[in-house]
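K.L.:
Give me the fold of what follows.
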Amino acid sequence: MSALVGGASQSNACGALLRPLRAIATSVRSASWWANVEEAPRDPILGVTEKFLADPNPEKINLGVGAYRDDDGKPVVLDCVREAERRILGKKFMEYLPMGGMKEFCDQSVRLAYGDDNPLVQANRVASVQSLSGTGSCRLMADFMKKFRPEAKIYITIPTWSNHHSIWLDAGVEQETYRYYKPETRGLDFEGMMEDIKGAPSGSFF
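P.N.:
Residues are numbered from 1 along each chain as shown. Below you'll find the model as predicted:
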């Protein structure tokens, strides 16, 4: 009996010693799997935030991301958002949503974007789905285009977030750009935008 127990103890001790070695070997193999993965290029807009965080100047202001801040640089949540939170808090069940998302949310979003009196809305000709963030929406649309309209082009604004180009590139969708921002006025380049839209092939996406 003692011999069996001793043998088992030695076996367990050896196993305990070998586990870290196996973990190291596995880590080395995993590292070699990803050795050829290139680091993604830095986003020029988010790069402003990185420079902001590294700047020791106490009077610095972060202009990189369009989020509300107070005089102390702290995030500001609008009163209307807090009121919306109060109204829905504890009134929705945390069930799985349908594949298209929450129907009420989608319907109200369409009405907000296009207006109640829009003939397309009244005719129920505007389709919508709920997604996770703007990036998630772009990815969903890119895959949708590739599957159902593979011949179509996506037109992306100048400027835009750098990951937007990567999303459609990874989906295999051909892309073009169109004018949107006018540096001279720091506003919308309406004339340039409409000219580019009119010049795009029929069936293009914006």
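K.L.:
what residue ranges in the protein score low on pLDDT?
P.N.:
Applying pLDDT under 70 to the chain flags the ranges 1-31.
K.L.:
Quick check: the spatially most central residue of it vs Ala142, distance?
P.N.:
Residue closest to the average C-alpha location in the chain (C-alpha atoms, centre = their mean): Thr135, at 2.6 Å. Distance of Thr135 to Ala142, given as C-beta to C-beta, to the nearest Å: 11 Å. C-betas here are computed from N, CA, C, even on glycine.
K.L.:
go on, Ser202?
P.N.:
In this view, Ser202 and Ala142 are 20 Å apart by C-beta to C-beta.
K.L.:
more neighbours, these two?
P.N.:
Neighbour totals were compared for Ser202 and Ala142, and Ala142 leads with 22 against 5 (other C-beta atoms under 10 Å).
K.L.:
Return the distance of the nearest residue to Lys182 once chain neighbours are set aside relative to Gly199.
P.N.:
Sequence neighbours aside, Asp189 is the residue nearest to Lys182 in space, at 3.8 Å (criterion: C-beta to C-beta, 6 or more residues apart in numbering). Per C-beta to C-beta, Asp189 is found 14 Å from Gly199.
K.L.:
So which of these two has more stuff around it?
P.N.:
Remark: of Asp189 and Gly199, Asp189 carries more neighbours, 19 against 10, as counted by other C-beta under 10 Å.
K.L.:
one step back: confirm for me that the residue nearest to Lys182 is in contact with Tyr180.
P.N.:
Yes. Counting by C-beta atoms under 8 Å, Asp189 does reach Tyr180; the two are 6.1 Å apart.
K.L.:
Report the buried residues of the stretch of helix or strand the residue nearest to the centre of the chain belongs to.
P.N.:
Per DSSP states H and E, Thr135 falls inside helix 133-148. Using 16 or more other C-beta atoms under 10 Å as the test for burial, helix 133-148 gives 138-143, 145-146.
K.L.:
and what of stretch 192-203?
P.N.:
193, 196.
K.L.:
Now do the contacts for the residue nearest to Lys182.
P.N.:
Counting by C-beta atoms under 8 Å, 6 or more residues apart in numbering, Asp189 touches 179-182.
K.L.:
from these, which ones fall inside helices?
P.N.:
With helices taken from DSSP state H, there is no overlap with those.
K.L.:
want to throw those residues into TSV with distance to Gly115 and neighbour count?
P.N.:
Output for the contacts of Asp189, formatted as TSV (distance: C-beta to C-beta, whole Å; neighbours: other C-beta atoms under 10 Å):
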residue	distance to Gly115	neighbour count
Arg179	26	17
Tyr180	22	18
Tyr181	25	15
Lys182	26	14
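K.L.:
so can I have JSON lines of these showing distance to Gln130?
P.N.:
What follows is the contacts of Asp189, written out as JSON lines (distance: C-beta to C-beta, whole Å):
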{"residue": "Arg179", "distance to Gln130": "30"}
{"residue": "Tyr180", "distance to Gln130": "25"}
{"residue": "Tyr181", "distance to Gln130": "28"}
{"residue": "Lys182", "distance to Gln130": "33"}
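K.L.:
out of the residues you listed, who's nearest Glu59?
P.N.:
Distances from Glu59 to the contacts of Asp189, taken as C-beta to C-beta, are shortest for Tyr181 (27.7 Å).
K.L.:
Cheers, nothing more for now.
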